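Any chance you could fold what I've pasted below:
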Amino acid sequence: QLQLVESGGGLVQPGGSLRLSCAPSGGFLDDYYSIGWFRQAPGKEREGVSGISSYGDTTVYADSVNGRFTISRDNAKNTAYLQMNSMKPDDTAVYYCKATGFRNYWGQGTQVTVSS
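All right, here's what the predicted structure looks like:
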């Protein structure tokens, strides 16, 4: 059964950078799926961070990350990315990717901690 797998999380200092990856496991994700990144901090609801259309021509960002995060996808590698720069302690959360299409798929999440 197809699942999404996030990777690239970890501990980073304020002002630092991380790049998250999202790739399918157990199958191939068709290019027409749009991809979204979400995050959930302790005690808070899951929130949308960024999204990208099927072929990457449209991207959207939450106000809190606009100008610092960049979403992209490489359909040849069947992988989506979230480049996170100028990171802040408020970016600390578990980050999830979601593929939306004929069916919806979620990843299991990857922890991102921004702390000195």
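
For the most centrally placed residue in the chain, grab phi and psi.
For the chain, residue 37 is the residue whose C-alpha lies nearest the centre (C-alpha atoms, centre = their mean; 3.5 Å). Backbone geometry at residue 37, expressed as degrees, to the nearest 10, gives phi -110, psi 140.

what about the strands in this protein?
3-7, 10-12, 18-25, 34-40, 47-52, 59-61, 69-74, 79-84, 93-100, 104-106, 110-114 (DSSP state E).

and the second one, what other elements does it pack with?
Spelled out, it's strand 10-12. strand 110-114 (3 or more C-beta pairs under 8 Å, 6 or more residues apart in numbering; DSSP states H and E). The way it works is simple: take the backbone N, C-alpha and C, and place the C-beta from them, glycine included.

quick check: mean pLDDT across the strand it packs on?
Averaged across strand 110-114, pLDDT comes to 98.

Could you name the helices and strands sitting against that strand?
strand 10-12, strand 18-25, strand 93-100.

export the ones you listed to a markdown table and tack on mean neighbour count and distance to residue 66?
Converted to a markdown table, the helices and strands packed on strand 110-114 look like this (neighbours: other C-beta atoms under 10 Å; distance: least, C-beta to C-beta, whole Å):
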| stretch | mean neighbour count | distance to residue 66 |
| --- | --- | --- |
| strand 10-12 | 14 | 19 |
| strand 18-25 | 19 | 17 |
| strand 93-100 | 21 | 16 |
